[in-house]
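> Give the three-dimensional model of this entry:
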Amino acid sequence: MSTPDKIAVVVNPQSAGGRTARQWPQLASLLESRLGSVETRFTGEQGAGTAITRGLLREGFDLIVAVGGDGTINEVANGFFHQDRLIRSEATLGILPLGTGGDFRRTLEIPTSTPEALDVLAAGHAALIDVGKATFRRNSGGQACRYFVNLVSFGMGGQVAAQSRNFMGRFGGRAAFFWATIKTFLSYRGRQVCLALDESSTRLPFFITNVAIGNGQYHGGGMRPCPAAIPNDGIFDVTVINYAGAFKLLSSISMLYSGNVYSHPKVRHFEAIRILAEAESATEIEIDGEPLGTLPLEITILPSQLRVLVPATSPLLKNLELVKEGSTIPQKK
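Here you go, the predicted model:
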(Lines give C-alpha, C1' and ligand atoms only; values in the text may rest on other atoms or scores of the structure.)
Protein backbone atom coordinates (compact mmCIF):
# COMPACT_ATOMS: atom_id res chain seq x y z
CA MET A 1 0.00 0.00 0.00
CA SER A 2 1.10 3.61 -0.41
CA THR A 3 2.49 5.15 2.77
CA PRO A 4 -0.36 6.82 4.72
CA ASP A 5 0.09 10.43 5.79
CA LYS A 6 -0.97 9.99 9.41
CA ILE A 7 -0.44 6.81 11.40
CA ALA A 8 -1.53 6.07 14.96
CA VAL A 9 -1.23 3.02 17.18
CA VAL A 10 -3.73 2.09 19.89
CA VAL A 11 -1.82 0.00 22.42
CA ASN A 12 -3.18 -2.28 25.11
CA PRO A 13 -0.26 -2.31 27.57
CA GLN A 14 -1.76 -5.26 29.47
CA SER A 15 -1.80 -7.55 26.42
CA ALA A 16 0.43 -10.63 26.31
CA GLY A 17 0.28 -10.82 30.09
CA GLY A 18 1.76 -7.33 30.46
CA ARG A 19 4.74 -7.97 28.21
CA THR A 20 3.56 -5.29 25.80
CA ALA A 21 4.07 -2.60 28.45
CA ARG A 22 7.50 -3.95 29.40
CA GLN A 23 8.68 -4.21 25.80
CA TRP A 24 7.05 -1.06 24.49
CA PRO A 25 10.20 1.08 24.12
CA GLN A 26 11.74 -1.53 21.80
CA LEU A 27 8.46 -2.09 19.96
CA ALA A 28 7.95 1.65 19.47
CA SER A 29 11.43 1.93 17.99
CA LEU A 30 10.73 -0.92 15.58
CA LEU A 31 7.41 0.64 14.55
CA GLU A 32 8.92 4.02 13.79
CA SER A 33 11.85 2.48 11.92
CA ARG A 34 9.37 0.80 9.55
CA LEU A 35 6.48 3.26 9.43
CA GLY A 36 8.00 6.63 10.26
CA SER A 37 6.35 9.04 12.68
CA VAL A 38 3.61 7.34 14.70
CA GLU A 39 1.12 8.78 17.20
CA THR A 40 0.76 6.47 20.22
CA ARG A 41 -2.26 6.16 22.49
CA PHE A 42 -2.60 3.67 25.35
CA THR A 43 -5.82 2.06 26.53
CA GLY A 44 -6.28 2.50 30.26
CA GLU A 45 -9.47 0.54 30.81
CA GLN A 46 -11.82 -1.84 29.03
CA GLY A 47 -13.60 -0.14 26.14
CA ALA A 48 -11.14 2.76 25.91
CA GLY A 49 -9.83 1.62 22.52
CA THR A 50 -13.13 2.44 20.82
CA ALA A 51 -13.28 6.04 22.03
CA ILE A 52 -9.58 6.58 21.30
CA THR A 53 -9.96 5.28 17.75
CA ARG A 54 -12.98 7.47 17.02
CA GLY A 55 -11.05 10.49 18.20
CA LEU A 56 -8.04 9.63 16.02
CA LEU A 57 -10.21 9.15 12.93
CA ARG A 58 -11.90 12.49 13.50
CA GLU A 59 -8.43 14.01 13.69
CA GLY A 60 -7.78 12.66 10.19
CA PHE A 61 -5.53 9.66 10.81
CA ASP A 62 -5.30 7.30 7.82
CA LEU A 63 -3.96 4.13 9.46
CA ILE A 64 -4.91 2.97 12.95
CA VAL A 65 -2.90 0.01 14.24
CA ALA A 66 -4.39 -2.15 17.00
CA VAL A 67 -1.54 -3.39 19.21
CA GLY A 68 -2.73 -6.24 21.42
CA GLY A 69 -5.04 -9.23 21.27
CA ASP A 70 -8.47 -9.98 19.85
CA GLY A 71 -10.21 -7.77 22.42
CA THR A 72 -8.08 -4.79 21.43
CA ILE A 73 -8.72 -5.44 17.73
CA ASN A 74 -12.45 -5.53 18.45
CA GLU A 75 -12.39 -2.25 20.36
CA VAL A 76 -10.41 -0.49 17.63
CA ALA A 77 -12.65 -1.91 14.88
CA ASN A 78 -15.70 -0.63 16.80
CA GLY A 79 -14.10 2.79 16.82
CA PHE A 80 -14.27 2.95 13.02
CA PHE A 81 -18.09 3.05 13.16
CA HIS A 82 -20.83 5.32 14.40
CA GLN A 83 -24.45 4.28 13.86
CA ASP A 84 -23.46 1.66 11.25
CA ARG A 85 -21.46 4.16 9.19
CA LEU A 86 -17.70 4.52 8.88
CA ILE A 87 -16.33 7.66 10.50
CA ARG A 88 -13.59 7.91 7.86
CA SER A 89 -14.18 5.57 4.91
CA GLU A 90 -10.64 5.87 3.51
CA ALA A 91 -8.97 4.90 6.81
CA THR A 92 -7.42 1.46 7.30
CA LEU A 93 -7.08 -0.89 10.27
CA GLY A 94 -3.67 -2.45 10.89
CA ILE A 95 -2.92 -5.24 13.35
CA LEU A 96 0.18 -5.91 15.42
CA PRO A 97 -0.87 -9.12 17.22
CA LEU A 98 0.52 -9.28 20.75
CA GLY A 99 -2.28 -11.01 22.65
CA THR A 100 -2.51 -14.56 24.00
CA GLY A 101 -5.29 -15.83 21.71
CA GLY A 102 -4.49 -14.39 18.30
CA ASP A 103 -7.60 -15.84 16.66
CA PHE A 104 -8.50 -13.15 14.12
CA ARG A 105 -4.95 -12.78 12.87
CA ARG A 106 -4.99 -16.52 12.03
CA THR A 107 -7.80 -16.05 9.51
CA LEU A 108 -6.08 -12.98 8.03
CA GLU A 109 -2.76 -14.92 7.97
CA ILE A 110 -0.92 -12.13 9.79
CA PRO A 111 2.32 -13.57 11.23
CA THR A 112 2.95 -13.76 14.97
CA SER A 113 6.56 -12.68 14.47
CA THR A 114 6.74 -8.95 15.20
CA PRO A 115 9.19 -8.16 12.35
CA GLU A 116 6.98 -10.06 9.88
CA ALA A 117 3.81 -8.42 11.19
CA LEU A 118 5.54 -5.05 10.71
CA ASP A 119 6.22 -6.05 7.11
CA VAL A 120 2.45 -6.37 6.64
CA LEU A 121 1.91 -2.91 8.14
CA ALA A 122 4.61 -1.41 5.93
CA ALA A 123 3.98 -3.23 2.66
CA GLY A 124 0.72 -5.16 2.98
CA HIS A 125 -2.47 -4.69 1.00
CA ALA A 126 -5.82 -3.34 2.15
CA ALA A 127 -8.72 -5.79 1.87
CA LEU A 128 -12.31 -4.80 2.50
CA ILE A 129 -13.87 -7.15 5.02
CA ASP A 130 -17.38 -7.68 6.31
CA VAL A 131 -18.32 -6.52 9.79
CA GLY A 132 -20.95 -8.10 12.00
CA LYS A 133 -23.35 -6.23 14.24
CA ALA A 134 -24.56 -8.00 17.38
CA THR A 135 -27.55 -6.79 19.40
CA PHE A 136 -27.91 -8.56 22.73
CA ARG A 137 -28.84 -8.25 26.39
CA ARG A 138 -26.27 -6.66 28.69
CA ASN A 139 -25.23 -8.53 31.81
CA SER A 140 -26.48 -5.51 33.76
CA GLY A 141 -29.79 -5.46 31.88
CA GLY A 142 -31.02 -3.57 28.83
CA GLN A 143 -30.06 -3.87 25.19
CA ALA A 144 -26.59 -3.27 23.75
CA CYS A 145 -25.00 -3.31 20.30
CA ARG A 146 -21.45 -4.26 19.37
CA TYR A 147 -19.64 -4.68 16.06
CA PHE A 148 -17.39 -7.68 15.54
CA VAL A 149 -14.84 -8.74 12.96
CA ASN A 150 -14.11 -12.30 14.02
CA LEU A 151 -16.68 -14.49 15.75
CA VAL A 152 -19.58 -14.61 18.18
CA SER A 153 -20.37 -17.71 20.19
CA PHE A 154 -22.80 -18.70 22.89
CA GLY A 155 -23.24 -21.69 25.11
CA MET A 156 -20.00 -23.19 26.33
CA GLY A 157 -17.89 -20.56 24.54
CA GLY A 158 -19.75 -17.74 26.26
CA GLN A 159 -19.47 -19.42 29.65
CA VAL A 160 -15.72 -19.98 29.24
CA ALA A 161 -15.24 -16.33 28.30
CA ALA A 162 -17.32 -15.24 31.29
CA GLN A 163 -15.08 -17.23 33.65
CA SER A 164 -11.78 -16.38 31.97
CA ARG A 165 -10.99 -13.58 34.42
CA ASN A 166 -9.92 -15.71 37.36
CA PHE A 167 -7.09 -16.21 39.84
CA MET A 168 -4.93 -17.87 37.17
CA GLY A 169 -4.68 -14.51 35.42
CA ARG A 170 -1.52 -13.81 37.43
CA PHE A 171 0.18 -16.41 35.21
CA GLY A 172 -1.11 -14.89 31.97
CA GLY A 173 -4.24 -14.90 29.82
CA ARG A 174 -3.64 -18.37 28.38
CA ALA A 175 -3.48 -19.95 31.86
CA ALA A 176 -6.67 -18.18 32.91
CA PHE A 177 -8.46 -19.30 29.75
CA PHE A 178 -7.28 -22.89 30.22
CA TRP A 179 -8.58 -22.95 33.82
CA ALA A 180 -11.94 -21.51 32.70
CA THR A 181 -12.19 -24.14 29.95
CA ILE A 182 -11.53 -27.05 32.33
CA LYS A 183 -13.99 -25.68 34.90
CA THR A 184 -16.67 -25.21 32.24
CA PHE A 185 -16.08 -28.67 30.74
CA LEU A 186 -16.80 -30.26 34.10
CA SER A 187 -19.89 -28.22 34.95
CA TYR A 188 -21.60 -27.42 31.63
CA ARG A 189 -25.01 -29.02 31.14
CA GLY A 190 -26.17 -27.72 27.77
CA ARG A 191 -28.66 -25.02 26.78
CA GLN A 192 -31.96 -25.17 24.91
CA VAL A 193 -31.90 -22.50 22.19
CA CYS A 194 -33.85 -21.56 19.07
CA LEU A 195 -32.30 -20.10 15.93
CA ALA A 196 -33.95 -18.25 13.05
CA LEU A 197 -31.84 -17.77 9.93
CA ASP A 198 -32.26 -14.95 7.41
CA GLU A 199 -35.93 -14.14 6.76
CA SER A 200 -37.30 -17.53 7.76
CA SER A 201 -40.02 -17.47 10.41
CA THR A 202 -39.12 -21.02 11.40
CA ARG A 203 -37.42 -21.35 14.78
CA LEU A 204 -34.91 -24.21 14.74
CA PRO A 205 -34.64 -25.82 18.20
CA PHE A 206 -31.30 -27.17 19.44
CA PHE A 207 -29.96 -28.46 22.75
CA ILE A 208 -26.44 -27.14 22.40
CA THR A 209 -22.94 -27.40 23.63
CA ASN A 210 -22.03 -24.30 21.63
CA VAL A 211 -23.02 -22.17 18.65
CA ALA A 212 -20.38 -20.20 16.73
CA ILE A 213 -21.24 -17.49 14.20
CA GLY A 214 -18.12 -16.78 12.24
CA ASN A 215 -16.88 -13.97 10.07
CA GLY A 216 -13.46 -15.44 10.92
CA GLN A 217 -12.61 -19.10 11.47
CA TYR A 218 -11.04 -19.33 14.93
CA HIS A 219 -11.75 -18.62 18.57
CA GLY A 220 -10.65 -19.79 22.01
CA GLY A 221 -6.92 -19.60 21.24
CA GLY A 222 -6.87 -21.73 18.08
CA MET A 223 -10.12 -23.70 18.02
CA ARG A 224 -11.56 -23.65 14.50
CA PRO A 225 -15.34 -23.88 14.70
CA CYS A 226 -16.01 -22.09 11.39
CA PRO A 227 -13.35 -23.39 8.96
CA ALA A 228 -15.28 -22.26 5.87
CA ALA A 229 -15.72 -18.67 7.03
CA ILE A 230 -14.22 -15.97 4.78
CA PRO A 231 -14.30 -12.41 6.15
CA ASN A 232 -15.21 -10.80 2.83
CA ASP A 233 -17.72 -13.21 1.25
CA GLY A 234 -20.82 -11.37 2.52
CA ILE A 235 -22.13 -14.22 4.67
CA PHE A 236 -21.66 -15.74 8.13
CA ASP A 237 -20.89 -19.37 8.85
CA VAL A 238 -23.02 -20.83 11.65
CA THR A 239 -21.77 -23.94 13.45
CA VAL A 240 -24.10 -25.65 15.91
CA ILE A 241 -22.53 -28.25 18.19
CA ASN A 242 -25.32 -30.26 19.74
CA TYR A 243 -24.96 -31.26 23.36
CA ALA A 244 -22.65 -34.05 24.40
CA GLY A 245 -21.55 -34.95 27.91
CA ALA A 246 -18.19 -33.81 29.22
CA PHE A 247 -16.39 -37.08 28.49
CA LYS A 248 -17.78 -37.41 24.95
CA LEU A 249 -16.91 -33.80 24.25
CA LEU A 250 -13.41 -34.20 25.66
CA SER A 251 -12.82 -37.26 23.48
CA SER A 252 -13.72 -35.19 20.40
CA ILE A 253 -11.85 -32.03 21.38
CA SER A 254 -9.22 -32.51 18.65
CA MET A 255 -11.85 -32.05 15.94
CA LEU A 256 -12.39 -28.46 17.15
CA TYR A 257 -8.80 -27.69 16.14
CA SER A 258 -8.62 -29.82 13.00
CA GLY A 259 -10.75 -27.89 10.53
CA ASN A 260 -12.99 -30.97 10.12
CA VAL A 261 -15.64 -29.96 12.62
CA TYR A 262 -18.46 -30.05 10.03
CA SER A 263 -18.01 -33.80 9.60
CA HIS A 264 -18.76 -34.59 13.26
CA PRO A 265 -22.19 -36.21 13.82
CA LYS A 266 -23.05 -33.72 16.57
CA VAL A 267 -22.46 -30.71 14.30
CA ARG A 268 -24.83 -28.80 12.01
CA HIS A 269 -23.50 -26.17 9.59
CA PHE A 270 -25.48 -23.28 8.10
CA GLU A 271 -24.84 -20.00 6.27
CA ALA A 272 -26.82 -16.82 6.87
CA ILE A 273 -26.62 -13.03 6.81
CA ARG A 274 -29.06 -12.57 9.70
CA ILE A 275 -29.31 -14.75 12.79
CA LEU A 276 -31.74 -14.55 15.70
CA ALA A 277 -31.06 -16.63 18.79
CA GLU A 278 -33.18 -17.09 21.91
CA ALA A 279 -32.84 -19.34 24.95
CA GLU A 280 -35.03 -20.69 27.72
CA SER A 281 -32.39 -19.95 30.38
CA ALA A 282 -29.50 -17.52 30.82
CA THR A 283 -27.02 -18.21 28.02
CA GLU A 284 -23.79 -16.23 27.91
CA ILE A 285 -22.32 -14.88 24.69
CA GLU A 286 -18.79 -13.86 23.76
CA ILE A 287 -17.99 -11.37 21.02
CA ASP A 288 -14.46 -11.53 19.63
CA GLY A 289 -13.45 -13.28 22.85
CA GLU A 290 -15.08 -10.81 25.25
CA PRO A 291 -17.95 -11.85 27.59
CA LEU A 292 -20.43 -9.06 26.99
CA GLY A 293 -23.92 -10.33 27.71
CA THR A 294 -26.55 -13.00 27.15
CA LEU A 295 -29.21 -14.12 24.69
CA PRO A 296 -31.49 -13.02 23.06
CA LEU A 297 -29.15 -12.09 20.22
CA GLU A 298 -29.60 -10.66 16.74
CA ILE A 299 -26.72 -10.63 14.27
CA THR A 300 -26.66 -8.75 10.97
CA ILE A 301 -23.91 -8.08 8.46
CA LEU A 302 -22.32 -4.90 7.10
CA PRO A 303 -20.73 -6.27 3.91
CA SER A 304 -17.36 -5.08 2.58
CA GLN A 305 -17.10 -2.22 5.06
CA LEU A 306 -13.74 -2.14 6.81
CA ARG A 307 -10.31 -1.79 5.19
CA VAL A 308 -7.76 -4.07 6.88
CA LEU A 309 -4.08 -4.58 6.04
CA VAL A 310 -3.29 -8.20 5.13
CA PRO A 311 -0.27 -9.98 3.62
CA ALA A 312 0.13 -9.90 -0.16
CA THR A 313 -0.52 -13.65 -0.20
CA SER A 314 -3.85 -13.44 1.65
CA PRO A 315 -6.78 -15.23 -0.05
CA LEU A 316 -8.94 -12.28 0.99
CA LEU A 317 -7.33 -10.24 -1.78
CA LYS A 318 -8.46 -12.78 -4.37
CA ASN A 319 -12.02 -12.52 -3.10
CA LEU A 320 -11.75 -8.72 -3.22
CA GLU A 321 -10.68 -8.81 -6.87
CA LEU A 322 -13.59 -11.12 -7.70
CA VAL A 323 -15.99 -8.66 -6.09
CA LYS A 324 -14.44 -5.71 -7.97
CA GLU A 325 -14.71 -7.55 -11.29
CA GLY A 326 -18.32 -8.51 -10.65
CA SER A 327 -17.43 -12.18 -10.69
CA THR A 328 -19.02 -14.81 -8.52
CA ILE A 329 -17.07 -15.88 -5.44
CA PRO A 330 -16.63 -19.65 -5.55
CA GLN A 331 -19.31 -21.48 -3.59
CA LYS A 332 -18.27 -23.03 -0.30
CA LYS A 333 -18.26 -26.77 0.02
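> which residues in the chain form helices?
Assigned helices in the chain, in chain order: 19-35, 48-58, 70-79, 103-108, 114-123, 156-162, 173-187, 246-251, 255-258, 315-325 (criterion: DSSP state H).
> State whether Tyr188 and Ile208 are indeed in contact, as I suppose.
No: at 10.2 Å, Tyr188 does not count as touching Ile208 under the criterion of Cβ atoms under 8 Å. C-beta here means a position set from N, CA and C on the backbone, and glycine is covered the same way.
> The helices of the chain into JSON lines, with extra columns for distance to Asn232 and mean pLDDT?
Output for these, formatted as JSON lines (distance: least, Cβ to Cβ, whole Å; pLDDT from 0 to 100):
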{"stretch": "helix 19-35", "distance to Asn232": "25", "mean pLDDT": "94"}
{"stretch": "helix 48-58", "distance to Asn232": "21", "mean pLDDT": "98"}
{"stretch": "helix 70-79", "distance to Asn232": "14", "mean pLDDT": "97"}
{"stretch": "helix 103-108", "distance to Asn232": "10", "mean pLDDT": "95"}
{"stretch": "helix 114-123", "distance to Asn232": "17", "mean pLDDT": "96"}
{"stretch": "helix 156-162", "distance to Asn232": "24", "mean pLDDT": "81"}
{"stretch": "helix 173-187", "distance to Asn232": "28", "mean pLDDT": "71"}
{"stretch": "helix 246-251", "distance to Asn232": "32", "mean pLDDT": "72"}
{"stretch": "helix 255-258", "distance to Asn232": "24", "mean pLDDT": "84"}
{"stretch": "helix 315-325", "distance to Asn232": "5", "mean pLDDT": "64"}
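> Nearest to Leu306, out of the ones you listed?
helix 70-79 (6.4 Å; Cβ to Cβ).
> What is the closest one packed up against?
Where contact means 3 or more Cβ pairs under 8 Å, 6 or more residues apart in numbering; DSSP states H and E, helix 70-79 is packed against strand 7-11, helix 48-58, strand 63-68, strand 92-97, helix 103-108, strand 143-148, strand 290-310.
> Pick out whichever of Tyr188 and Ile208 has more residues nearby.
Per other Cβ atoms under 10 Å, whichever of Tyr188 and Ile208 has more neighbours is Ile208, with 23 against 18.
> And the helices and strands packed on helix 70-79: which comes nearest Ser201?
With Cβ to Cβ as the criterion, Ser201 lies closest to strand 290-310 of these, at 14.6 Å.
> gap between that closest one and the chain center?
Taking Cα atoms, centre = their mean, to the nearest Å, one finds strand 290-310 lying 8 Å from the centre of the chain it belongs to.
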